[in-house]
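# Predicted model and sequence below, questions to follow.
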Amino acid sequence: MNHFRCHSPEHEFSRRQVLGTLVGGAAGLGANGLLNPVVADELKSQQKSVLLIWLDGGISQFESWDPKPGTEFGGPFSAIPTSLPGIHVSELMPHTAQQMHHLSVVRSMCTKDENHSSGVPRILRGDPKNRGVTYPYLGAAMAKLKGDSQSEIPNYIWVKPGSGGFIWQHGGFLGAEYGALALGDGKPPVHINRPPEVDDVIDQSRNDLRKQLNARFRNRRRGAEVNAYESSFEMAEKLIRRKDLFTDFTPQQLERYGSHHLGRHILQSKRLIEAGALFVQCHSYHWDTHADNFNMHLDLVPQIDKPFAALIEDWHESGMLDNVLVLLMSEFGRTPKINQRMGRDHWPEAWSLCLAGCGIRRGMVLGKTTDDGVWVDTTEYDIGHIFHTVFGAMGIDSLGAEYHYNGQPLPIAHEDCVPIKELLA
Amino acid sequence: MPINRFLFGVLICLFSGQVWAAGPLHQQIDQRIESRAGGQVADLASDAEFLRRVSLDLNGIVPTADEVRTFLGDQGSQKRAKLIDRLLTAPEYARRMREVFSVMLLERRKGTTVSAEDWNRFLELSFAQNQSWDEFVRSLLQADAANEETHGSVKFFVDGGRADHDQMTQDIARLFLGMNIHCAQCHDHPTVDQFKQVDYVGLMAYLNQSVSAQHSGLQRTFLVENMAKAKVEFESVFDVGNKQQTGPRLPGRDEIEIPAYEEGQEFSEPEKDGLPGVPKFRPRQLLAIQLTEPSNQRFVENAVNRFWFLMMGRGLVHPLDMMHEKNPASHPELLSLLANEFVNHNFDVKWLLRELALSKTYQRSSIVPEGIEPQDVPVESYRVAIAKGLSAEQTGWSMMRVTGVLEKVIETPKSPDAKFTFKDYINGRLPLPDNLSDTMLLFVSVFGNAPGQAEVEFQPSMGQALFLMNERLVLQWLSSSDGTLVKRLESESEATKVAEELYVNILSRFPSDEETAELVKFLDQNQDHRTDAISQFAWAMLTSAEFRLNH
C-alpha cells in the first residue's frame, strides 16, 4: 500500500532526488509545468498525506468561500470571478480565486456545536456518536489507520503558534502514542543539538538502559503515562536525526508565502509533508470575530489567501497535490446577522470548507446556501461526511474499517454519514 | 452479565440509602470508594512507594537516601501517620503549597508589577500558618495592598492577566466555583442549563469597578474600587435587543441591591496618596465575604475537589472547572461528605490533606492486582493509584537532590547584576545556571506549561525529552564533578553497593536482585570506562518514567 515506506534504496533515492533537487527549481519541470513522466509516476506511487489547515475560531463563509454581496447579511465586500467559470469568491481571496480549478469547496456544511471549547475537539474528532469513549483527532486516526510507527518523521505533527509539546490527548482511546507532536511556532526545540561528548554509542547505550527500566516499570501498571513519556523520547530521537527540516526559509519563499506566522507555518508544514510526514495540522488562531468582523477579515483573509494559493500551485506543479489531501476549515462559520459590535458570531448551521488534492475531484463547488446565506438550500453535510470523504480519498474503506477497543468494535467515522461521492475523484 | 449488573445496581441503590458508620474522615472516604469500586482494589503501596509519593505531594521533593533507609527500617505500626505529620510540619510544606497554588492561581502568567518575592511571601505565610481556605481566598480577593505582610496577594489580579474584567470573572468562576463560564459572556451556556449569562454578568458586577492604581507613598500597585452606581446591562447575542440587567449576584443566589447614597455621602475615605476615594459600597470586598461563605456549596465543593485532585491525581469532578449537572462527580456522596466535613473543620487545609493522605485510597499501590488487565480498571474508580506527572518544581528539586547538587546550588548566591532569562540561556548567551533561582527558572521554562494553561494532566513533551538528553547542566550533574552522586560512587569498588546507592538515591527504593544483577553486569561490561557507565545508568534512571511520575 505504501511503496516508499518499504525503505527500498531506490525509492529513497528517487524521493531525495525529487524533493532535494527538483521541487522548488524548474529543473525537472516540462514546458507545461508537469514533472517528467518517470518522476511523476514515482511520485504517484508514494505515500498519501494530509495537510489540515485549521482557522481556529471560525472564518466567515461570507468573507471567503460563499460571498453574498448586496444582500441583507452580505457585508461590505464584493465577490470576484475565479478560474472556475461562474463561480465567485470573496474579493479578499484574489490568489485563491485563481486556483479554484484545483479545489473542491463545500458550501453546505451544517454541524451541531456552536461552542469553541466543545466544538473544536468535536469537529476534529469527527463528532462520533457518544459511546462513552473519547475518539481520536483526525490526525491521530490517520496515524492509526495509515501510519508507520517506524517512520523517521512523526506521523502526526501539529504546527501551531505558541508552545509546543507532545499532545497525547489527541490520541483519544487509541492511546497516547497516537498523539500529536506540536511544534510551537513551527520550530524545533532548542535542545535538538547533542553535546559532542555524547556520541552515538553512548547515546544508544543510555537510551537502551532507559527503555529497559521503563519496560519493567510499565509491567502491571496502567500504561498511558509511561507510553506517553516513552513516545516523547522516541520523537526526540527521530527529530535529532532530521534537524535539516528546520533551516531558515529563503527570502523568495517568504515573499511567495508571506513572512507572517501563517505563511511560515504553511511553509513549514509543506516541508514536513514533503519529507514524509503522514498528517500535518497547521493552526492559525484569532478568527473568532465577534467584534469588528470586517476589519479583522480584511486583515486575516489575505494571510491565508496568499500562502494557500501558493501551496496549491506549487504542489500542483510538482505533482505533490496528487498525493496530498489539503483540507482548509474551521470549527464552524459565522452568523449571517451582524451584531452591534460589527461582529459575526458562531454559526454552525450553514458554512463552507475546502478540500483539494489526493483523491479529491478538482474544480468543484458542492451545495449552496439560501440567497441570504442563512441556511443550507441543498443536501446538508455534517462533519461525519467529511471524515468519511477524507478517509475515502486516502484509500481507507470508512464504511467497513473499524477500530477495536476493549473488545468493542467502533466505526472510524460517524455511522449515520457516508463519503460524499461527488467530491471523490 | 446482565443479572450481575442488575444485582450490582441494586446494591448501589441500597448503599446510597445507607447511613454510613461514623469514623475519621479517611475511613469514611475508603468506605465510599470501596463500596462502588466495581472490582478488586489494589494492595497498599509499599513503604518505599508511599514515602516517595507523600514526600512529593506534601513537600514537593523526593526523600533523601537517609530518609528512605530510616523509613524502610522503621518497624513502628504508626509510621505512615507519623511521616504524614512530619511532612505537614516541615518547612518544605509551605514551599510546596506555595508552588502548587502559585501555578494554580497565576497559571504561569508572567507579569512583574508585583514581585515574585512579595507574592511568594504571601502564599508561604498563609500555608505556614495553616490559614483556613476561606480566609485565604478572602485575602486573595480583598487584595489588600496596604497590608505589609500580605500585599503580594495583589499579584493574583494585576499580574494574573486579569486586568480585564472578563478575564477576572472567568478565572474566579473557574478557580473558586469550578465553573467554566467563558461562553456565558455572550449567551446562556447552550448545553449546561446551570450556566446562565446572568451568572456571568452577576459575578462580573462584583468586579467591574476594580482597577489598578499607584500609591504615591508606598510605590505599590493597589487594586482600588470605583463607585458602583448602576446595574450591568447585557443581552444575549442570540436575542439582541432584549436588554436585561443585574447587580452583583453569585450563581444561584439573590442579587444584591446597589445602595444609593446622597451626593457627597458616597465615600468612606477621601482620595489620597494618588488613590481615589474609597466608596462605602465596595462590591469586590462583598464578593470576598459572600463567595467564601460555608453555605456556598459550589465554593466548598470546588475547594475539596481541588485538594482531592492534588493528592489523588484526578478530581472527583473532572475536568476541575466543569462542575455541573452534565458532568457529575464520580462519587457524588463522597464529594458532599468532603465538603461538609471541610466546613465542619473550619476549612482546615492541613486537616483535610492529612485525612486524604491517611486514607487507603491515597495509599494504594499503582500496581494493578494480578488477574486484572490494567486497562480494565477505570481511572475514576480509584481502585489503583493514579500516576501523577511531577510538576516543573518537583522535577527541579528532585533532580538536584538525587544527583547530589542541591546543597551546593542552594548555597550559591545569585549574582545581583546578572539577569537570567530562558531565552538568553538557550541561545548560548549565558553560562550554566549555578544558583537556585536561575536553575528553577530553567526547569519551569522547560517543564511548566505555557502561560494561561492550567497544569492538570501529565503532558510530557519532546522538548522536555530533548532537554534531558542534551542539556549540559543535567549532564554536568550526572558527571563526576564536585559533590555529585556519581563522584561519590566512582570510588566504590563493589558493584552491588553502587547498584543499591543508585536505586536508593534516585528512585527512593532498594533494587531487586534482578536489577542489581543487571547493573553489576553493565559495569562489568564497561570496566574500561566505569565512571561513564555509572553516569549513563544514573541518566537512565533520572529520565525513566519511574522517576518522572509520582506513582
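Thanks, I have the structure now. Residues are numbered from 1 along each chain as shown, chains lettered A, B, ... in the order given.

# Where does pLDDT dip in the chain?
Since no chain was named, I'll use chain A. A:1-46, A:116-118, A:129-132, A:406-407 (pLDDT under 70).

# Switch to chain B, please.
B:1-21.

# What about A:I80, how many residues nearby?
16 (other C-beta atoms under 10 Å in any protein chain shown). No exception for glycine: its C-beta is placed from N, CA and C like everyone else's.

# Phi, psi for the residue lying closest to B:N242 once chain neighbours are set aside please.
Of all residues not flanking B:N242 in the chain, B:E235 sits nearest, at 5.6 Å (C-beta to C-beta, 6 or more residues apart in numbering or on different chains). Here is the backbone geometry of B:E235 (degrees, to the nearest 10): phi -150, psi 150.

# how about B:E235, what does it touch?
Residues near B:E235 by C-beta atoms under 8 Å, 6 or more residues apart in numbering or on different chains: B:G241, B:N242, B:K243, B:Q244.

# can you map out the strands along the stretch 251-400 of chain B?
B:267-269, B:278-279, B:388-389 (DSSP state E, counting those that start in this stretch).

# can you check chain B too?
Per DSSP state E, chain B carries strands over the ranges B:210-215, B:220-225, B:232-234, B:244-246, B:267-269, B:278-279, B:388-389, B:549-550.

# who touches the second one?
Pointing back at strand B:220-225 there. Contacts of strand B:220-225 (C-beta under 8 Å, 6+ apart): B:113-114, B:143, B:145-146, B:151, B:154, B:157-158, B:209-215, B:275-276, B:278-279, B:282-285.

# Pull up the pairing partners for that strand, direction included.
Counting by DSSP bridges, the strands paired with strand B:220-225 are strand B:210-215 (antiparallel).

# How about the partner strand, which residues are buried there?
B:S210, B:A213, B:H215 (16 or more other C-beta atoms under 10 Å in any protein chain shown).

# Mind listing residues that contact it?
With C-beta under 8 Å, 6+ apart as the criterion, strand B:210-215 contacts B:113, B:145, B:157-158, B:163, B:165, B:168, B:220-226, B:273-276, B:284.

# Produce a ChimeraX select command limited to the buried residues of these.
Selection of the buried residues among the contacts of strand B:210-215 in ChimeraX, burial being defined by 16+ other C-beta under 10 Å:
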select /B:145,157,158,163,165,168,220,221,222,223,224,225,275,276,284
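
# For the residue nearest in space to the middle of chain B, give its distance to B:E393.
For chain B, the residue nearest the mean C-alpha position is B:V100 (3.6 Å; C-alpha atoms, centre = their mean). Separation of B:V100 from B:E393 (C-beta to C-beta, to the nearest Å): 9 Å.

# Residues that sit against both of these two, list them.
What both B:V100 and B:E393 touch, as defined by C-beta under 8 Å, 6+ apart, is the set B:G60.

# where does B:E34 sit relative to chain A, distance-wise?
Here B:E34 is placed at a distance of 19 Å from chain A (C-beta to the nearest C-beta, to the nearest Å).

# hang on, isn't that residue packed against B:Q28?
No - applying C-beta atoms under 8 Å as the test, B:E34 and B:Q28 come out as separate, 11.0 Å apart.

# Quick check: closest non-adjacent residue to B:D199.
B:P251 (4.2 Å).

# Next, the contact list for the one you found, please.
Per C-beta under 8 Å, 6+ apart, neighbours of B:P251: B:A173, B:L177, B:M179, B:Q194, B:K196, B:D199, B:G202, B:L203, B:R298.

# Nearest to chain A among these?
The closest of the contacts of B:P251 to chain A turns out to be B:M179 (C-beta to the nearest C-beta; 12.7 Å).

# Just grab the bridge partners of that closest one for me.
B:M322.

# list the contacts for it?
B:M179 sits next to B:A173, B:F195, B:D199, B:P251, B:R298, B:D321, B:M323, B:H324 when contact means C-beta under 8 Å, 6+ apart.

# And for B:L177?
Counted by C-beta under 8 Å, 6+ apart, B:L177 has contacts B:P251, B:L291, B:R298, B:F299, B:N302, B:M323.

# A:V418 sits in which helix or strand?
Under the criterion DSSP states H and E, no helix or strand holds A:V418.

# contacting residues around it?
A:V418 sits next to A:H385, A:H388, A:L399 when contact means C-beta under 8 Å, 6+ apart.

# what about the residue in the stretch 51-200 of chain B positioned nearest to chain A, neighbour count?
As assessed by C-beta to the nearest C-beta, chain A sits closest to B:C183 within the stretch 51-200 of chain B, at 5.5 Å. Residues lying near B:C183 (other C-beta under 10 Å) number 22.

# Go ahead and confirm it touches A:N115.
Yes - between B:C183 and A:N115 there is a contact under C-beta under 8 Å: 5.5 Å.

# if we can go back for a sec, compare the contacts of A:V418 and tell me which has the most neighbours.
Counting by other C-beta under 10 Å, top hit in the contacts of A:V418: A:H388 with 26 neighbours.

# Enumerate every residue touching that one.
So A:H388 contacts A:S398, A:L399, A:A413, A:H414, A:C417, A:V418, A:P419, A:I420 (C-beta under 8 Å, 6+ apart).

# out of the residues you listed, who's nearest chain B?
A:H414 (18.9 Å).

# Confirm for me that the closest one is in contact with A:R125.
No - look at A:H414 against A:R125 with C-beta under 8 Å: they stay out of range, at 10.1 Å.

# In terms of helix, strand or coil, where does A:T335 fall?
Using DSSP: H, G, I helix; E, B strand; the rest coil, the structure places A:T335 in strand.

# Wait, it touches A:W351, no?
No - assessed by C-beta under 8 Å, A:T335 is found out of contact with A:W351, at 10.2 Å.

# Would you mind naming the helix or strand containing the closest residue to B:M469 other than its chain neighbours?
Leaving aside its chain neighbours, B:M469 sits nearest to A:A236 (6.1 Å; criterion: C-beta to C-beta, 6+ apart). Applying DSSP H and E as the criterion places A:A236 in helix A:224-241.

# Phi first, then psi, for A:D185.
When read as degrees, to the nearest 10, the backbone of A:D185 gives phi 60, psi 20.
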